[in-house]
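Asker: Sequence first, predicted coordinates after that:
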Amino acid sequence: MRVGPKALADLEALFRRNGYKLKYLKGSFRGGACRLYENKLVVINAVYPLHGRARALATIAEQLSEHLDITPQERELIQRLAL
């Protein structure tokens, strides 16, 4: 399945709208979401290609779905991309 820049942008917008800061960092890690003091943070490995970034965000969104305000279109995108 091809994942384009729009899917990644839509997932990034979902997290930002829900108060999360996104960070793309290089390293030997998978990425994830956390709370650092009162800040909500999602960290994604910058080495991942576009589709890997989108899939990682979708997987994190799926794990946090009960805490996120997700539109029906975003829910469909998450279900399609999440691992």
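Answerer: Ah, there it is.
Asker: average model confidence for the one helix or strand residue 44 maps to?
Answerer: Taking DSSP states H and E as the definition, one finds residue 44 inside strand 39-45. Mean per-residue pLDDT for strand 39-45: 90.
Asker: so when I look at residue 74, I'm seeing a helix, right?
Answerer: Yes - per DSSP: H, G, I helix; E, B strand; the rest coil, residue 74 lies within a helix segment.
Asker: Surely it touches residue 14?
Answerer: Yes - contact between residue 74 and residue 14 holds when scored by C-beta atoms under 8 Å: they sit 5.2 Å apart. Placement of C-beta: from N, CA and C, glycine included.
Asker: Show me which of those two is the more surrounded one.
Answerer: Taking neighbours as other C-beta atoms under 10 Å, residue 74 and residue 14 compare with residue 14 leading, 22 against 19.
Asker: Give me the most central residue, this protein.
Answerer: Nearest to the mean C-alpha position of the chain, by C-alpha atoms, centre = their mean, lies residue 57 at 2.1 Å.
Asker: Pull up the overlap in contacts between residue 74 and residue 14.
Answerer: residue 61 (C-beta atoms under 8 Å, 6 or more residues apart in numbering).
Asker: in the helix or strand encompassing the residue nearest to the centre of the chain, what's buried?
Answerer: Assigned by DSSP H and E, residue 57 belongs to helix 50-63. Neighbour counts using 16 or more other C-beta atoms under 10 Å place 52-62 of helix 50-63 among the buried residues.
Asker: Which secondary structure element of this structure has the lowest mean pLDDT?
Answerer: Lowest mean confidence among the helices and strands of the chain (mean pLDDT, DSSP states H and E): strand 31-36, at a mean of 70.
Asker: So in that sheet, which strands flank the strand holding residue 44, and in what orientation?
Answerer: Next to strand 39-45 in the sheet, as set by DSSP bridges, lie strand 20-25 (parallel), strand 31-36 (antiparallel).
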